[in-house]
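Q: Model the structure of this input:
(one chain, ligands or ions: 2)
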Amino acid sequence: MPANRKERIAKGLCPNCGEVNDRAPKYLCSSCLVSENQRKLIWAKERVKAGLCPYCPRPIDIDGPYCSVCKEKRIQRNRRRRQARKKMEG
Ligand SMILES: [Zn+2]
Ligand SMILES: [Zn+2]
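A: Ligands and ions are numbered 1, 2, ... in the order given. The predicted model follows:
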């Protein structure tokens, strides 16, 4: 990790490539974000192929792209979101 990372951020540059960060104050510039996302996607695919959950260290123990714990979390989050929306619509 380069020592000038903080300096780059302070100057409004992307800490990853050193170019002007067009997404500041977000951490990465848009081009680094794209490659970062692609890397994460590949990583997640590799995990799923190996039978491991892409969101946590657990193995996938249900029929789906993630483990039962993460599935439960997603369901609860969706439920909360739906309830919040209902409240707003009133
Ligand atoms: Zn960058
Ligand atoms: Zn999981």
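Q: Is there contact, residue-wise, from the helix ranked longest in the chain to ligand 2?
A: In the chain, taking DSSP state H as the definition, the longest helix is helix 68-89. Yes - interface with ligand 2: helix 68-89 contributes C70 (CB under 5 Å from the ion). In this view, the C-beta of every residue, glycine as well, is placed from N, C-alpha and C.
Q: G64 reaches K71, doesn't it?
A: Yes - with contact defined as CB atoms under 8 Å, G64 counts as touching K71 (6.1 Å).
Q: The two: who's more crowded?
A: Using other CB atoms under 10 Å as the criterion, G64 and K71 rank with K71 on top: 18 against 13.
Q: How about the contacts made by that one?
A: Contacts for K71 (CB atoms under 8 Å, 6 or more residues apart in numbering) come out as 62, 64.
Q: Swap in 10 Å and give it another go.
A: Shown in contact with K71 (CB atoms under 10 Å, 6 or more residues apart in numbering): 53, 55, 60-65.
Q: Around ligand 2, which positions in this structure sit nearby?
A: 53, 55-56, 58, 67, 70.
Q: mind redoing it with 8 Å?
A: Within reach of ligand 2 by CB under 8 Å from the ion, the chain has these residues: 53-58, 60, 66-71, 73.
Q: Of these, just the buried ones, PyMOL syntax please.
A: Typed into PyMOL, the line below selects the buried ones among the residues of the chain next to ligand 2, using 16 or more other CB atoms under 10 Å:
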select buried, resi 53+54+55+60+66+67+70+71
